[in-house]
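Peer 1: after the sequence you'll find the predicted model.
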Amino acid sequence: MSASNMKTITVVGSGLIGRSWAMVFISGGYSVKIYDNQSGQAANAITEIKKQLGELEEAHMLRGELTATQQLALLSSYDDLAQALEGAFFVQECVFEKLEVKQSVFQDIERLVGKDVILSSSTSCLVPSDVFSKVQNRSRCIVSHPVNPPYYVKLVELVPHPETAGPVMDSTRTLMTKVGQVPVCLKKEIDGFALNRVQAAIIAESWRLVQDGIISVKDIDLVMSEGLGMRYAFIGPMETMHLNAPEGLEDYMKRYGVGIQRVLKSFGPVPDFFGKEAKGITNEMSELIPSDQQHLTDRKERRDRLLMNLAKLKKDN
Ligand code: NAD
């Protein structure tokens, strides 16, 4: 496909993630066609995006070189999949996280697009070999897993199907970089990809420490937000170790490696997140932040404001 044809992206599914992807792609100057199988939903998504773009422009947080009006002009909505796919070189699927729904959506898409069109899934928890098992030509399939909200959290995990062609990985990485995301490439598929595996390890040990009566819910969150997280927003665990010993990573492991291994051996089994003991933890959380809609919405808005400031800080540094 020539570069002049690589201007249009179709986003399939116009929920939270579909809308965010659309905003990311238009910020990079791509035309985006949004499709949803719920009639009128894709049009609603554009109304919502228009509001968000205006707010971002006012806050000087709009991404890309174009104004909000210019970006909005790149968007169109469709209730018909064939029309939505016409002219696209890249398809970003963002439908429900249900294997059979994704499999059937990709079967439908494959019937309607040329063989060069890249088929990309936003799945968080399904491996590419399952998501694309019903696609005939799997060499053009890839998972591009974003982190919510992708407009501020730029990481995108690119996970290949065992049959994904090298150039498909390369083109997807180039596209993501061009629109300002930060792609990381997994060399092969694995359950949970990288981000959710690391996250699961953190969740498991945090849960165990609370469940075993070592620390409260409030304080384990502070361990991350006021401790580890302060560094990890800017440098990862490998670089953190490298910088924390006079002669770098090897030196760090000489000093602390045996201690880390000892601690790792003391980790407990996979916690029970659902039983009677878990109820104590969920109740403790609800006492800190009540689980009603208003409190949760307020906290999410605060989180997004802080993420927006953090994104700005990272951009300026
Ligand atoms: P959502 O429920 O907000 O939106 C899903 C949208 O897909 C809805 O608008 C729905 O009408 C539409 N849809 C459902 N079936 C469809 C079909 N057959 N054809 C077209 N549209 C269809 O979900 P979401 O949170 O946006 O998640 C979408 C995907 O992104 C999921 O795979 C999810 O795992 C992944 N993801 C979500 C997050 C997150 O934090 N929400 C983060 C990373 C990845």
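Peer 2: The structure has been received and is ready for your questions.

Peer 1: all contacts plus neighbour counts: C-alpha atoms, from now on.
Peer 2: Fine.

Peer 1: tell me if I'm right that S14 and N37 touch.
Peer 2: No: judged on C-alpha atoms under 8 Å, S14 makes no contact with N37 at a distance of 9.0 Å.

Peer 1: residues of the stretch 101-250 of the chain that sit close to the ligand?
Peer 2: V101, V105, S122, T123, S124, H145, P146, V147, N148 (C-alpha under 6 Å from any ligand atom).

Peer 1: list the contacts of the fifth one.
Peer 2: The contact partners of S124, by C-alpha atoms under 8 Å, 6 or more residues apart in numbering, come to E97, H145, P146, G192.

Peer 1: one step back: which one among the residues of the stretch 101-250 of the chain next to the ligand gets closest to L81?
Peer 2: Using C-alpha to C-alpha, V105 is the member of these that sits closest to L81, with 9.8 Å.

Peer 1: who does the helix or strand encompassing the closest one touch, helix- and strand-wise?
Peer 2: For V105, the element it lies in under DSSP states H and E is helix 99-112. The helices and strands touching helix 99-112, judged by 3 or more C-alpha pairs under 8 Å, 6 or more residues apart in numbering; DSSP states H and E, are helix 81-85, helix 128-131.

Peer 1: if we use 10 Å, what do you get?
Peer 2: Taking 3 or more C-alpha pairs under 10 Å, 6 or more residues apart in numbering; DSSP states H and E as the contact definition, the neighbouring helices and strands of helix 99-112 are strand 8-12, helix 81-85, strand 90-93, strand 118-121, helix 128-131.

Peer 1: can you list the buried residues in the lowest-mean-pLDDT helix or strand in the chain?
Peer 2: Among the helical and strand segments of the chain, the one scoring lowest on mean pLDDT, DSSP states H and E is helix 293-316, with a mean of 89. Along helix 293-316, these residues count as buried under the neighbour rule (16 or more other C-alpha atoms under 10 Å): D304, L307, M308, L310, A311.

Peer 1: who's in contact with the first one?
Peer 2: When you say that, I think you mean D304. D304 makes contacts with N148, P149, Y152, V153, D298, L310, as judged by C-alpha atoms under 10 Å, 6 or more residues apart in numbering.

Peer 1: how about the third one, secondary structure?
Peer 2: This means Y152. coil (DSSP: H, G, I helix; E, B strand; the rest coil).

Peer 1: for the ligand, see how far away it is.
Peer 2: Y152 sits 12 Å away from the ligand, taking C-alpha to the nearest ligand atom, to the nearest Å as the criterion.

Peer 1: do I have it right that that residue meets R303?
Peer 2: No: counting by C-alpha atoms under 10 Å, Y152 sits too far from R303 to count as a contact (11.0 Å).

Peer 1: all the strands of the stretch 101-250 of the chain, residue numbers only.
Peer 2: Under the criterion DSSP state E, counting those that start in this stretch, the stretch 101-250 of the chain carries strands at the ranges 118-121, 141-146, 155-160, 182-185.

Peer 1: how much space separates the residue in the stretch 151-300 of the chain that the ligand sits nearest to from L85?
Peer 2: Nearest residue of the stretch 151-300 of the chain to the ligand (C-alpha to the nearest ligand atom) works out as V156 at 9.1 Å. Using C-alpha to C-alpha, to the nearest Å, V156 is found at 23 Å from L85.

Peer 1: which members of the contacts of D304 are the farthest-apart pair?
Peer 2: Pairwise distances across these (C-alpha to C-alpha) peak at 19.4 Å, for the pair V153 and D298.
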